[in-house]
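1. curious how this folds, go ahead:
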Amino acid sequence: AISATLAWGSGTCLAGGLLGPDRWAGYIVCSLLKRMSKSGKGLKKDVAVKASETEVAVNMHKQVAELKTKIAGEAQKIVHEIFPEKVLHLSKMIQEDQLWQYPDVINNPSDVIVEEPSKKRKLEGGTEAGSAAEKVGGGLGTKVEDLLKSEAVCECNKCVITQQNLLKKEIQLCLSYVTKVKIWIQLNIPKVEDGNNFGVSVQEETVNELSRAEDTSFALLDSMNKYFMTRAKLVSRVIKYPGLRDYVVAVQEVDRKERINMSLSLNDLRNNYAIMYDTITKNLEKIHNPRSQHSLPFT
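-> Numbering: from 1, shown residues only. Just a heads-up that it's a prediction; the model follows:
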């Protein structure tokens, strides 16, 4: 570019008779050097900015890599230690704890409505409402007006509440474990390429199994809320129609059904731990190295 500019400038000036060839060549070289020095300063600034951006990107990449290493360590500990420990712990609870046995008439309390002992109110006839634990539906002659004025209190099924509290804690732990293991496997999935994707399909199938365990846990939490809504509607009927024993029996059956549901849910949770542990340990090599060079044909 410089030689072309020199040739053009010298030829033009010589043709016009303005400057000699030597003086014109020196003038062109000086002007080009000035322009190059000015552009060089801007280039240095751009290089400095790019260098700082590159340094920030390297630091961020390093932090992300450290996070991936931390997640991998926690996930492998969960798979090899916590999963089998949970299988044994929940199996022991199912076999030995009477709370998780299927309920019968003996261990399924039949008390539905009791009257709060600390509160007494006068009825219209001048009699005092009983302060002892009085079961609703105990007498066919009980009037609805008398029952409402007695400030009756509905007691929850204590066995169901205890089961739900324990199961909620186990579900929360399961969800936290599954989330860590799933993100570990997803971070091990390589970039998309043609061929040699059998190991990637194993990883995806394992992630699907973990997602299924998550969906089961969330569905169980949702069913707990529906139980209380169903029971509350039946109890309101018991208060409104205390002489109808069918409503009292309906509440008892709802409690029995929920206890059975809690027991089955604990079994499902134990089975999910066992399935996840078995699936991951059997395919651990493919999860770590989904695209091994030894699996390529004719190599």
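2. what about the closest residue to residue 260 other than its chain neighbours, which SS state?
-> Closest residue to residue 260 apart from its sequence neighbours, by Cβ to Cβ, 6 or more residues apart in numbering: residue 102 at 5.9 Å. (Glycine included, C-beta is placed from N, CA and C.) With DSSP: H, G, I helix; E, B strand; the rest coil as the basis, residue 102 sits in coil.
3. what's around residue 102, how many residues?
-> Each residue near residue 102 was counted by other Cβ atoms under 10 Å, and the total is 11.
4. contacting residues for it?
-> Contacts for residue 102 (Cβ atoms under 8 Å, 6 or more residues apart in numbering) come out as 259-260, 263.
5. for residue 226, same thing?
-> By Cβ under 8 Å, 6+ apart, the contact list for residue 226 is empty.
6. in helices, which of the contacts of residue 102 fall?
-> Judged by DSSP state H, the contacts of residue 102 include 259-260, 263 as members of helices.
7. residue ranges with poor pLDDT in this protein?
-> Applying pLDDT under 70 to the chain flags the ranges 1-53, 104-152, 292-299.
8. that one: strands as residue ranges?
-> Remark: strands assigned in the chain by DSSP state E are 113-115, 152-154.
9. which residues in the stretch 151-299 of the chain form helices?
-> Taking DSSP state H, counting those that start in this stretch, the helices of the stretch 151-299 of the chain run over residues 158-187, 198-240, 245-282, 284-288.
10. return the set of buried residues in the last one.
-> Residues 286-287 are the ones in helix 284-288 that count as buried (16 or more other Cβ atoms under 10 Å).
11. equivalent analysis for stretch 267-287, please.
-> If you call a residue buried by 16+ other Cβ under 10 Å, then stretch 267-287 has these buried ones: 269-270, 272-277, 279-280, 283, 286-287.
12. give me the contact list for that stretch.
-> Counting by Cβ under 8 Å, 6+ apart, 79-80, 83-84, 86-87, 90-91, 94, 167, 170-171, 174, 178, 181, 185, 188, 198-199, 202-203, 206, 209-210, 213, 216-217, 220, 292 sit against stretch 267-287.
13. mind running it again at 6 Å?
-> Contact with stretch 267-287 is made by 79, 83-84, 86-87, 90-91, 170, 185, 199, 202-203, 206, 209, 213, as judged by Cβ atoms under 6 Å, 6 or more residues apart in numbering.
14. cool, stretch 167-176 as well?
-> Here stretch 167-176 makes contact (Cβ under 6 Å, 6+ apart) with 217, 262, 269.
15. which one (most neighbours) among the ones in helices among the contacts of residue 102?
-> When the ones in helices among the contacts of residue 102 are compared by neighbour count (other Cβ under 10 Å), residue 259 ends up highest, at 22 neighbours.
16. can you pull the contacts of that one?
-> So residue 259 contacts 103, 160 (Cβ under 6 Å, 6+ apart).
17. try 10 Å this time
-> Residues near residue 259 by Cβ atoms under 10 Å, 6 or more residues apart in numbering: 99-103, 107-108, 157, 159-160, 163-164.
18. take those and lay them out in JSON lines including distance to residue 69.
-> Supplementary listing: the contacts of residue 259 in JSON lines, determined by distance: Cβ to Cβ, whole Å:
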{"residue": "99", "distance to residue 69": "41"}
{"residue": "100", "distance to residue 69": "39"}
{"residue": "101", "distance to residue 69": "45"}
{"residue": "102", "distance to residue 69": "46"}
{"residue": "103", "distance to residue 69": "48"}
{"residue": "107", "distance to residue 69": "50"}
{"residue": "108", "distance to residue 69": "51"}
{"residue": "157", "distance to residue 69": "48"}
{"residue": "159", "distance to residue 69": "45"}
{"residue": "160", "distance to residue 69": "44"}
{"residue": "163", "distance to residue 69": "39"}
{"residue": "164", "distance to residue 69": "38"}
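19. list just the nearest of the buried residues of stretch 267-287 to residue 56.
-> Set against residue 56, the nearest of the buried residues of stretch 267-287 by Cβ to Cβ is residue 287 (32.5 Å).
20. tell me how far that closest one lies from residue 206.
-> Distance of residue 287 to residue 206, given as Cβ to Cβ, to the nearest Å: 6 Å.
21. and if you look at residue 161?
-> Distance, residue 161 to residue 206, using Cβ to Cβ: 36 Å.
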